[in-house]
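Participant: Here is my input, please return the structure:
(chains A and B)
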Protein chains: 2
Amino acid sequence: MIPEIPVNPERFLADLHQLRTFGASGIGRGVVRPAFSDADIAARQWLAGRMEEAGLRPHYDPMGSLFGLAEGRSLLLGSHTDSQPEGGWLDGALGVIAALEVARATREAGGPAVSVVSFQDEEGRFGVTTGSTVWSGAMGLDDADALTDPAGIPLVEARMKMAHLLHDFVDPAQFSGFIEMHIEQGPWLDEAGEAAGVVTGIVGIRDMRITMTGQQNHAGTTPMHLRRDAFQALAAFNAVIEERFRNIVTPETVWTIGHVSLHPNAHSIVPGRASFSMQWRDRDADRLCRMEGIIRSTAQEVAEARGMDLEFGQMLGLEPVEMDKDLRAALEASAEVTVPGKWRAMQSGALHDASNVAAHMPVAMLFVPSINGLSHVFEEDTDERDLVTGLRILAGAVARLT
Amino acid sequence: MIPEIPVNPERFLADLHQLRTFGASGIGRGVVRPAFSDADIAARQWLAGRMEEAGLRPHYDPMGSLFGLAEGRSLLLGSHTDSQPEGGWLDGALGVIAALEVARATREAGGPAVSVVSFQDEEGRFGVTTGSTVWSGAMGLDDADALTDPAGIPLVEARMKMAHLLHDFVDPAQFSGFIEMHIEQGPWLDEAGEAAGVVTGIVGIRDMRITMTGQQNHAGTTPMHLRRDAFQALAAFNAVIEERFRNIVTPETVWTIGHVSLHPNAHSIVPGRASFSMQWRDRDADRLCRMEGIIRSTAQEVAEARGMDLEFGQMLGLEPVEMDKDLRAALEASAEVTVPGKWRAMQSGALHDASNVAAHMPVAMLFVPSINGLSHVFEEDTDERDLVTGLRILAGAVARLT
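Facilitator: Residues are numbered from 1 along each chain as shown, chains lettered A, B, ... in the order given. From the prediction side, this is the model:
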């Protein structure tokens, strides 16, 4: 017989709604709470108070990640409370408040020790999952401090806004594992009418800036056959990539040209330079490499054929991460009891702090549906019944792990 | 026997070099002398002095276009002395100083009356060929005053910087015709090793902003088959346009996507909106219309197929302008005498003040080569022997017209 952790759905939802008042913006339940903003710091201070009330010891690390520590060895639950520049109320926040409720309920019931974390800058004002990246040891604090946001502000200056709160890094050895509950941010669960997803693995990601330089010239007097038009080179690259990827991708592989910058970007001038982002994601590290090969060779072929100079930026990457089988089994067992037949095992196409935490301990993740698959927009939302279902699955998994 | 107008090449080149000292910048013989800048106004005041010394009456119209008026009925020669934000020493300046030299030489020799003009803002700080557009009557001064530059400064504020110089509009009825000498700004003459081009017509231009709106979403969690990616819609539009234009264009037709703006323009977000410029030019108004039809129907097809909202901006256009056959014949006869077999009849792919002046009187244009076809860059240049050849052809044409 599994001991139950008596979570309180009303208290959980009330805290979740309280959290969205910090940075409430835009339409619907939108929030604007980027890392180190006044709203973000105020939200963390409110959260630290709630942790304290729950009998946890609040502790900010040097990056501003906020831990609520149980005494002794504990399971760590959490996610992040910073948001996209235009974000929803649940992205990150859900996992933190669910963690708080499970930690609070288990403590009240004398259950297993649970600690809580809200990592800082998961949304990447200064990079990608910056707070957990530094905690994982993948990047030193000095290197992180030199990162800048799109406005050119260095991270060190941003985190000094909360200097009075910061202490040392938390020793990860005190945690037996990490479970992150999160909205799916994709359409699969919502489309299928399912209540939850137990994550099998988090995809790997590659991200590279590509710059093609041709010849800027007059758009009236330069004949088509003499042009070295950088936008046309980008368009040709894109078309060939779409063709060549077909043979090696799966239905879950994704790739995106999300950022394009032309120079001089004027109606009457043939673009001399196109700088653009190429990002691709897959669960298979080999496939990520094969895609990189196609991207590099295609860009070279297109550049040569069109007389363009070609420059590849630094390639940023995170490797695919498999979820721990014991933690995952606990989530699956709990899901099957809570919503029999209405959940699935699935990959995560989004990055999460769990990818970094995996360097220190076993990790697992639980997804709840995103309405219409929307995320990173104000309209992001999830039915509150699904939020509570996720909370119960998480609590059930924690109970099974003791 | 044609009476000769005894132009002075040294005096002409000296004035041309003097003019480039106003706003001299960048590399080589580059200038930064945008309309109504301090350098532009100082250059106009210097030019007014040279006009007076040549026996012409300087007169600024309300737009800041500077005329050097001969007495009675005269032929008008000229171009513009404002430059691109990063321009060369000859674009516009050549036609004005050549006009000054011909007017000066013909007056000294008791030849036909020649007036000179430097139009204001040909390079379009506030629009396109703004000074001559207002003089032509195509736009009222009130409407022009409301135009703003990229920094948001209204034209009325800019022209008030030279308010103490401005007088009434000049009556175009006093001019028998207009000839504009200009650098080619394209590669044809330089590639062929020819010294001059007599313009047959100035192309028409159409310019339209097109916006496609799909669904902004997460670049990791949104499967490829569910995306409504605005950049991919733009790329598809571009590919189909390239295919469909093939059947109707000539080797001189040009079209350009020079400006692209994605939203939110981030590596990790599927672009929800692409706004881009489509500009096309041709000598044949019918062809411009057929191209417009293809652009509109292709954009609609692509938008429908990809679930995008589609919006066409206002279409800006200038009609193709044919050069006057008598003025053109005089230029051709003069060119054949000056450089037998080393000139060509050709269209102008660039817009010029002559397009606007054609509303009032017969117009014609003479081109000299642009080294490597470069223009609207600091590196723009022409061999000084070709400048002098152009001056002689212009003077010879004027002599033939009396």
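Participant: Next, count neighbours for A:Ala151.
Facilitator: 6 (other CB atoms under 10 Å in any protein chain shown). To be clear about C-beta, it is placed using only N, CA and C from the backbone, and glycine gets the same treatment.
Participant: my bad, should have said A:Glu86
Facilitator: When neighbours are counted by other CB under 10 Å, A:Glu86 comes out with 19.
Participant: now swap in the one 10 residues further on and tell me
Facilitator: A:Val96 has 29 neighbouring residues, counting by other CB under 10 Å.
Participant: contacting residues for it?
Facilitator: Contact partners of A:Val96, counting by CB atoms under 8 Å, 6 or more residues apart in numbering or on different chains, are A:19, A:47, A:78-81, A:116-118.
Participant: mind listing which of those residues are in helices?
Facilitator: A:19, A:47 (DSSP state H).
Participant: Which members of the contacts of A:Val96 are the farthest-apart pair?
Facilitator: With CB to CB as the measure, no two of the contacts of A:Val96 lie farther apart than A:Leu19 and A:Val117, at 14.8 Å.
Participant: Please enumerate residues in contact with the least confident helix or strand in chain A by mean pLDDT?
Facilitator: Of all helical and strand segments in chain A, the minimum by mean pLDDT, DSSP states H and E falls on strand A:316-318, at a mean of 81. Applying CB under 8 Å, 6+ apart, the external contacts of strand A:316-318 come out as A:128, A:204-208, A:288, A:351, A:355.
Participant: which of A:Leu19 and A:Val117 has more neighbours?
Facilitator: A:Val117 (29 against 26).
Participant: Look up which residues are beta-bridged to the more buried one.
Facilitator: A:Phe67, A:Gly78 (DSSP bridges).
Participant: What's the per-residue pLDDT of it here?
Facilitator: The model reports A:Val117 with a pLDDT of 98.
Participant: quick one, what contacts it?
Facilitator: A:65-68, A:76-79, A:96, A:99.
Participant: do the same with A:Gly95
Facilitator: By CB under 8 Å, 6+ apart, the neighbours of A:Gly95 are A:77-80, A:180-182.
Participant: ok, now A:Pro58?
Facilitator: So A:Pro58 contacts A:47-49, A:51-52, A:66-69 (CB under 8 Å, 6+ apart).
Participant: Let me know the distance separating it from B:Gly201.
Facilitator: The spacing between A:Pro58 and B:Gly201, counted by CB to CB, to the nearest Å, is 77 Å.
Participant: what about the closest residue to chain B within the stretch 201-350 of chain A, distance to B:Gly373?
Facilitator: Nearest to chain B, among the residues of the stretch 201-350 of chain A, is A:Thr221, at 3.3 Å (CB to the nearest CB). According to CB to CB, A:Thr221 stands 7 Å off from B:Gly373.
Participant: With neighbour numbers in mind, choose between those two.
Facilitator: Neighbours of A:Thr221 and B:Gly373, each counted by other CB under 10 Å, are more numerous for A:Thr221; the result is 27 against 23.
Participant: give me the element that one is part of.
Facilitator: According to DSSP states H and E, A:Thr221 maps onto no helix or strand at all.
Participant: didn't it look like it was pressed against B:Glu184?
Facilitator: Yes. With contacts counted by CB atoms under 8 Å, A:Thr221 reaches B:Glu184, the gap being 6.8 Å.
Participant: Now for those two: what residues contact both?
Facilitator: The contact lists of A:Thr221 and B:Glu184 share B:Gly373, where a contact means CB under 8 Å, 6+ apart.
Participant: about what we covered before: continuing past the least confident helix or strand of chain A, what's the next helix or strand?
Facilitator: strand A:321-322.
Participant: For the very next helix or strand once past that following strand, which outside residues touch it?
Facilitator: Toward the C-terminal end, the helix or strand that comes next after strand A:321-322 (DSSP H and E) is helix A:325-338. Here helix A:325-338 makes contact (CB under 8 Å, 6+ apart) with A:177, A:179, A:195-196, A:198-200, A:343, A:345, A:362-364, A:366, A:389, A:392-401.
Participant: Kindly indicate the member of the contacts of A:Val117 with the most neighbours.
Facilitator: A:Gly78 (31 neighbours).
Participant: thinking again about what came up before, out of the contacts of A:Val96, flag the one nearest to A:Ala146.
Facilitator: Among the contacts of A:Val96, and counting by CB to CB, the member closest to A:Ala146 is A:His80, at 21.8 Å.
Participant: What segments of the stretch 1-150 of chain A are strands?
Facilitator: Per DSSP state E, counting those that start in this stretch, the stretch 1-150 of chain A carries strands over the ranges A:57-60, A:66-69, A:74-80, A:114-119.
Participant: for the stretch 301-402 of chain A, same thing?
Facilitator: A:309-312, A:316-318, A:321-322, A:343-348, A:363-368.
Participant: in its sheet, what does the shortest one sit against?
Facilitator: If I follow you right, that is strand A:321-322. Sheet pairing for strand A:321-322, using DSSP bridges, gives strand A:196-202 (antiparallel).
Participant: Name the next helix or strand downstream of the strand it pairs with, please.
Facilitator: Strand A:196-202 is succeeded, C-terminally, by strand A:204-213 (DSSP H and E).
Participant: which other helices and strands contact the following helix or strand past that next one?
Facilitator: Downstream of strand A:204-213, the next assigned helix or strand under DSSP H and E is strand A:217-218. Based on contacts counted as 3 or more CB pairs under 8 Å, 6 or more residues apart in numbering or on different chains; DSSP states H and E, the elements that strand A:217-218 packs against are strand A:269-270.
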